[in-house]
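J.: model the following, please.
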Amino acid sequence: MTFNDTKSARRCDGDFDLLLLPDEYRVHDSILRDLQVGMVSQFPLDYMHLTLLGLVRRMARDWQDGLLYSKAFPFHVRRATINALQAAVVNLAVKMPHEFQHQCRAVQECDSWKATEARQFLLYLGPVILKDILDKKMYEHFKLLSIYIRCLCSEELVEVYVDSASSWLEQFVNEYIKYFGNKSVYSVHAHCHIADDARMFGVLDKHTRLFNK
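T.: Numbers count the residues shown, from 1 in each chain. As a prediction, this is how the structure comes out:
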């Protein structure tokens, strides 16, 4: 299932309570509804799995797939580019401060990255390394993701930039198909809603830890 439209009306608790959602969005009724729990607003997206273990690893994998299967992708990543990316990640990761729990492994091992490695790449290594490796427009697209996640993970920035982050997220999702093909699946589209969760529950790292103990 793909979600290529970011302009549709957003679902709300009232839609669920009044049975206004289409059947494909509501398979069975829930006893939580009897407890007056907001069936839409009170269930935040899990950014650890959605973004770090999902989208970041998917993008790292697709950069490499673009090398091997360029006809399937609207871009082409050269072998020398991938080799440079591999070396840069390894070289810089070993220089990261000891406060980082894990050193980020090479991009060719992205499918085995832990969430802390993907977070390190998204927020720290990627913005530095990819500037001289990716196509300029593709790099700017990656920065949208990095910057808005940075804002939504920061106590100081989230309140100031949460509205801006929401528009950046929508731009990122709309442009995703341009660089990664017709693959705007749920895990990509759902990033249009992460800012709403940060607005309600606070910084992503905090409520992700809360719901993933």
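
J.: any idea how far residue 64 lies from residue 173?
T.: 22 Å (Cβ to Cβ, to the nearest Å). (Glycine included, C-beta is placed from N, CA and C.)

J.: between those two, who's got more neighbours?
T.: Between residue 64 and residue 173, residue 173 has the larger neighbour count (other Cβ atoms under 10 Å), namely 21 against 16.

J.: confidence-wise, which helix or strand of the protein is lowest on average?
T.: For the chain, counting by mean pLDDT, DSSP states H and E, helix 13-17 ranks last in confidence among helices and strands (a mean of 64).

J.: following that helix, which helix or strand comes up?
T.: Sequence order places helix 47 as the next helix or strand after helix 13-17, per DSSP states H and E.

J.: tell me the buried residues in the next helix or strand after that following helix?
T.: Heading C-terminal from helix 47, the first helix or strand you meet, by DSSP H and E, is helix 57-68. For helix 57-68, the neighbour count (16 or more other Cβ atoms under 10 Å) marks 57, 58, 59, 60, 62, 63, 64, 65, 66, 67 as buried.

J.: tell me where the chain is predicted with low confidence.
T.: Where the chain drops to pLDDT under 70, the residues are 1-28, 66-78, 182-185, 207-213.

J.: from residue 147, how far out is the residue nearest the centre of it?
T.: Centroid check for the chain by Cα atoms, centre = their mean gives residue 51 as the closest residue, at 3.2 Å. Look at residue 51 and residue 147: by Cβ to Cβ, they are 13 Å apart.

J.: also residue 35?
T.: For residue 35, the distance to residue 147 equals 38 Å [Cβ to Cβ].

J.: higher neighbour count, the two?
T.: Remark: of residue 35 and residue 147, residue 147 carries more neighbours, 18 against 7, as counted by other Cβ under 10 Å.

J.: what's the following helix or strand after the strand or helix carrying residue 83?
T.: Element membership for residue 83 (DSSP H and E) is helix 79-93. Sequence-wise, the next helix or strand downstream of helix 79-93 (DSSP H and E) is helix 115-120.

J.: give me the residues contacting that following helix.
T.: Contact partners of helix 115-120, identified using Cβ atoms under 8 Å, 6 or more residues apart in numbering, comprise 48-49, 51-53, 56-57, 93, 96, 100-105, 110.

J.: mark which of those residues are buried, thanks.
T.: Using 16+ other Cβ under 10 Å, the buried ones in the contacts of helix 115-120 are 48, 51, 52, 53, 56, 57, 93, 103, 104, 105, 110.

J.: report how many residues lie close to residue 97.
T.: 6.

J.: next one: phi and psi at it?
T.: Torsion angles at residue 97 (phi, psi; degrees, to the nearest 10) stand at phi -60, psi 160.

J.: if I look at it, how far off is residue 120?
T.: Going from residue 97 to residue 120 by Cβ to Cβ gives 11 Å.

J.: likewise residue 91?
T.: With the distance defined as Cβ to Cβ, residue 91 ends up 14 Å from residue 120.
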